[in-house]
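Asker: Sequence plus the predicted model coming up.
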Amino acid sequence: MAQAAAFQKPTLRDPRWLPLLVTTIGSFMSLFDSTIVNIALPSVLRDFHQDLGNGQLVLTSYLMALAVVIPISGWLGERVGMKRLYMITLVLFTIGSVLCGLAWNLQSLIAFRILQGLGGGMLQPLGMAIVFTMITPLERGYFSSVLGLPLLAAPLLGPSVGGYLVQYASWRMIFLMNLPIGIINLALAWRLLKETPIQHHLKLDKRGFILASICFPSLLLGMSQGAEVGWASAEVVGLLTVGVVTLYLFVRTEWFHDDPMLQLRLFKTPMFALAIGIQVVTQFSLFGLQYILPLFLQTARGWGASKTGLVLLPMGVVSFITLNFAGQFYNRIGPRPLAIGGMTALAITTFLCTFLDQNTGVIAVLLLVSCRGLALGLYSQTVQVVAFNTVPDGQMPRATSLMNMFMRVNSSFITAILTTILITSLWLHHAPAGSAIADGTAPVPLMLTAFREAFLAMTVVTICGIAMAFFLRDRVLEAHRAGGANAPAAEELAMEAGE
């Protein structure tokens, strides 16, 4: 890795922007497809004459495939070469997308979604790992606007684009549109990406892979089903039991393995553990707002899907602006002010959401979502940079796999917990039997109460994240400031921190 002192601020003419754009497109495709299918599901079920219970497999099959391949993506990237594997997974994702668009029944669609997920699951962690082979630790803040763009744009554009295609074209187009994008991205990857060193001597951590293939799908499926069918149901208890037991065995296996599939020993570095902890805690509010706010606007407020999507779009614009601001100022002021400022804005925004009601106007919602965009842009990539600046070069592919797996599992956990809060609130306030928030049958006053309790829970958790952010430090940046030409390399700092 380059020494910390060997730093020059990247310019717009920097040739690395083009290959970074290639990996950004791949990450966007994977995340975009995770959100766009939800809005098309009713049309799929109507065409195939299926009920919602069977239709959920269209969503969960993709999620299960992601859970299987994300943990192994780091090892495969080192063993096969990250450029080669990126192109292979892009081909799998594109072919799977086309086959989904041509599916003739629900069973074939589910099978093709699995193929699509096997490719899509590796695109984001591989893209991140490739990026970090091209930029030094001190440049990560400046390039964070590109690294974070898929996380900003995909969840916002998915419902809007998906709704438009379903209404004016066909649900099949949400899959077929990936064909031209995939072909262009494949050509760009072949032309612009450079192959990383291939480590032929690496052996697969077979026990870890088997345990991960059981553990993470069981946990994700159990949490997604728990909020819907009840946490005490035999199916959910069974899935979560299997998930927890295999998770314990997986952690033990990886911790003591000489060359683990997921490098859990990175958590021995205090700053890496702190940064991941902050991401996990604050994601409860950040991702929670992304899940709860559209649900509120469409049920309690009574807005349509298209209007909700349009009102939420400014969030992405503000996020992109503040993300660039954070990138420009990261090396000047460090991660702590940016993270604390962003999370404070998030806490205030989430708390103000408790005052939303059935009469809330468009302007008020626009201000709230813009403040959420401000928070997202300031702290999300900032905290990631802190985490990755503690990781030695040789472990970066495993680190990106580890972080992506954490975020995927945490997203499912958040959805399950918030759904449970909403359902429990209705039950505690004696909602009529059979009424629910999802279909808008619950009384509006009780829905408002349930949403307020969810927003309050997210606010409290975010405040905990703010307290944690006071301890954030980027040792690579601090060494650069203090040591100049004598500043140690990032891998040396990471090794020292992990001792």
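Answerer: That came through, no problem. Numbers count the residues shown, from 1 in each chain.

Asker: OK, contacts around N178?
Answerer: M29, D33, F93, T94, S97, V98 (Cβ atoms under 8 Å, 6 or more residues apart in numbering). C-beta coordinates here come from the backbone N, C-alpha and C atoms, glycine included.

Asker: same question for stretch 60-74, mean pLDDT?
Answerer: Across stretch 60-74, pLDDT averages out at 82.

Asker: CA atoms of that stretch as CSV?
Answerer: As requested, the backbone C-alpha atoms of stretch 60-74 are provided in CSV (Å, rounded to 0.1, in the frame of the first residue of the first chain):
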residue,chain,number,x,y,z
THR,A,60,-36.8,-14.5,-0.7
SER,A,61,-35.2,-16.7,-3.3
TYR,A,62,-33.0,-13.7,-4.5
LEU,A,63,-32.2,-12.9,-0.9
MET,A,64,-31.2,-16.5,-0.1
ALA,A,65,-28.9,-16.6,-3.1
LEU,A,66,-27.2,-13.4,-1.9
ALA,A,67,-26.8,-14.8,1.5
VAL,A,68,-24.9,-17.9,0.1
VAL,A,69,-22.5,-16.1,-2.2
ILE,A,70,-21.6,-12.9,-0.4
PRO,A,71,-19.5,-14.7,2.3
ILE,A,72,-17.5,-16.5,-0.3
SER,A,73,-17.0,-13.6,-2.7
GLY,A,74,-13.8,-12.4,-1.0
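
Asker: on that earlier part again, quick check, nearest of the contacts of N178 to A347?
Answerer: Within those, proximity to A347 (Cβ to Cβ) peaks at D33, which comes in at 31.2 Å.

Asker: Need the phi and psi values for T360.
Answerer: phi -60, psi 130 (degrees, to the nearest 10).

Asker: how close does it get to Q263?
Answerer: Separation of T360 from Q263 (Cβ to Cβ, to the nearest Å) stands at 46 Å.

Asker: Neighbour count: these two, which is higher?
Answerer: Shown here are T360 and Q263; by other Cβ atoms under 10 Å, Q263 has more neighbours (23 against 16).

Asker: check contacts around the closest residue to that one other than its chain neighbours.
Answerer: In space, and not counting its chain neighbours, Q263 is closest to R398: 3.9 Å by Cβ to Cβ, 6 or more residues apart in numbering. If you count contacts by Cβ under 8 Å, 6+ apart, R398 has them with G74, W75, P260, M261, L262, Q263, L266.

Asker: How is the third one assigned, secondary-structure-wise?
Answerer: What it means is P260. Classification of P260 using DSSP: H, G, I helix; E, B strand; the rest coil returns coil.

Asker: Please tell me I have it right and it contacts T253.
Answerer: Yes - the pair P260 and T253 qualifies as a contact (Cβ atoms under 8 Å) at a distance of 7.5 Å.

Asker: Among the contacts of R398, which one lies nearest to M468?
Answerer: Nearest to M468 among those, counting by Cβ to Cβ, is L266 at 17.6 Å.

Asker: mind checking how far the closest one is from I72?
Answerer: For L266, the distance to I72 (Cβ to Cβ) stands at 17 Å.

Asker: ok, T349 touching L367?
Answerer: No - the criterion here is Cβ under 8 Å, and T349 misses it with L367 at 9.0 Å.

Asker: and the two? which has more neighbours close in?
Answerer: T349 (26 against 13).

Asker: Would you enumerate the residues in contact with I183?
Answerer: Counting by Cβ under 8 Å, 6+ apart, I183 touches T94.

Asker: please redo it, this time with the cut-off set to 10 Å
Answerer: Contact analysis of I183 by Cβ atoms under 10 Å, 6 or more residues apart in numbering lists L90, V91, T94.

Asker: what helix or strand does it sit in?
Answerer: Assigned by DSSP states H and E, I183 falls within helix 178-192.

Asker: what does P197 give?
Answerer: P197 is located outside every helix and strand, with elements delineated by DSSP H and E.

Asker: Pull up the gap between it and L366, please.
Answerer: Taking Cβ to Cβ, one finds P197 at 49 Å from L366.

Asker: Which one's more surrounded, those two?
Answerer: L366 (15 against 10).

Asker: Tell me the one of the contacts of N178 nearest T322?
Answerer: Out of the contacts of N178, the member with the shortest distance to T322 (by Cβ to Cβ) is M29, at 24.3 Å.

Asker: what's around that closest one, how many residues?
Answerer: Other residues near M29 come to 25 when the count uses other Cβ under 10 Å.

Asker: Would you state the predicted confidence (pLDDT) at G341?
Answerer: You'll see G341 listed with a pLDDT of 92.

Asker: Could you double-check that F267 sits in contact with V280?
Answerer: No - at 11.9 Å, F267 does not count as touching V280 under the criterion of Cβ atoms under 10 Å.

Asker: Three-state assignment for W171, please.
Answerer: Counting by three-state DSSP, the backbone at W171 sits in coil.

Asker: Just give me the residue right at the centre of this protein.
Answerer: M407 (5.4 Å; Cα atoms, centre = their mean).

Asker: Read off the pLDDT value for that residue.
Answerer: The per-residue pLDDT reported for M407 equals 80.

Asker: Thought M128 was touching it, still the case?
Answerer: No - with contact defined as Cβ under 10 Å, M407 does not reach M128; the gap is 11.3 Å.

Asker: shared neighbours of these two, anything?
Answerer: Q384.

Asker: just to revisit the earlier point, show me what counts as buried in the helix or strand that the helix holding I183 is followed by.
Answerer: Next along the chain after helix 178-192, taking DSSP H and E as the criterion, comes helix 206-229. If you call a residue buried by 16 or more other Cβ atoms under 10 Å, then helix 206-229 has these buried ones: 208-209, 211-228.
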